[in-house]
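**Q** Give me a 3D structure for the following:
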Amino acid sequence: MNVIKHMEAAFIVALSLAAAGNAALDSVKPAQATAPVLATTAGIPVVHVTAKRLTPVEKQQMLALERVRSRA
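**A** Alright, predicted model coming up:
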């Protein structure tokens, strides 16, 4: 098994790649965060959706209706 014979070399290569990657990531400038831009322009429509939750009875009725429609 050549892999077992060269395990030390594989470890050193992996360690050197990790060190090089760490050094490369350290040299990258951090991202500059900015405040989010809100849609306050008059030309942009904003939609507010309000809905009530279904009661258990309504859920059962809708599921039964859906089953009937899927069979047809």
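
**Q** Now do the same for Ser27: its pLDDT.
**A** At Ser27, the model reports a pLDDT of 85.

**Q** and what of Leu15?
**A** Note on Leu15: pLDDT of 95.

**Q** Show me the shaky parts of this structure.
**A** Counting by pLDDT under 70, the chain has low-confidence residues at 1, 33, 35-42.

**Q** in it, which spans are helices?
**A** In the chain, the segments counted as helices under DSSP state H are 2-5, 7-26, 56-71.

**Q** For Thr50, which of those helices is the nearest?
**A** Thr50 lies closest, by CB to CB, to one member of these: helix 56-71, at 16.9 Å. In short, each C-beta sits where N, CA and C put it, glycine included.

**Q** Return the distance of that closest one from the chain's centre.
**A** On the basis of CA atoms, centre = their mean, to the nearest Å, helix 56-71 is displaced by 33 Å from the centre of the chain it belongs to.

**Q** do the same with stretch 13-24
**A** Centre to centre, stretch against its chain (CA atoms, centre = their mean), the figure for stretch 13-24 is 27 Å.

**Q** cool, and stretch 11-21?
**A** From the chain centre to the centre of stretch 11-21 is a distance of 29 Å (CA atoms, centre = their mean).

**Q** The helices of the chain into a markdown table, with extra columns for distance to His48 and mean neighbour count?
**A** Output for the helices of the chain, formatted as a markdown table (distance: least, CB to CB, whole Å; neighbours: other CB atoms under 10 Å):
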| stretch | distance to His48 | mean neighbour count |
| --- | --- | --- |
| helix 2-5 | 62 | 7 |
| helix 7-26 | 43 | 10 |
| helix 56-71 | 23 | 9 |
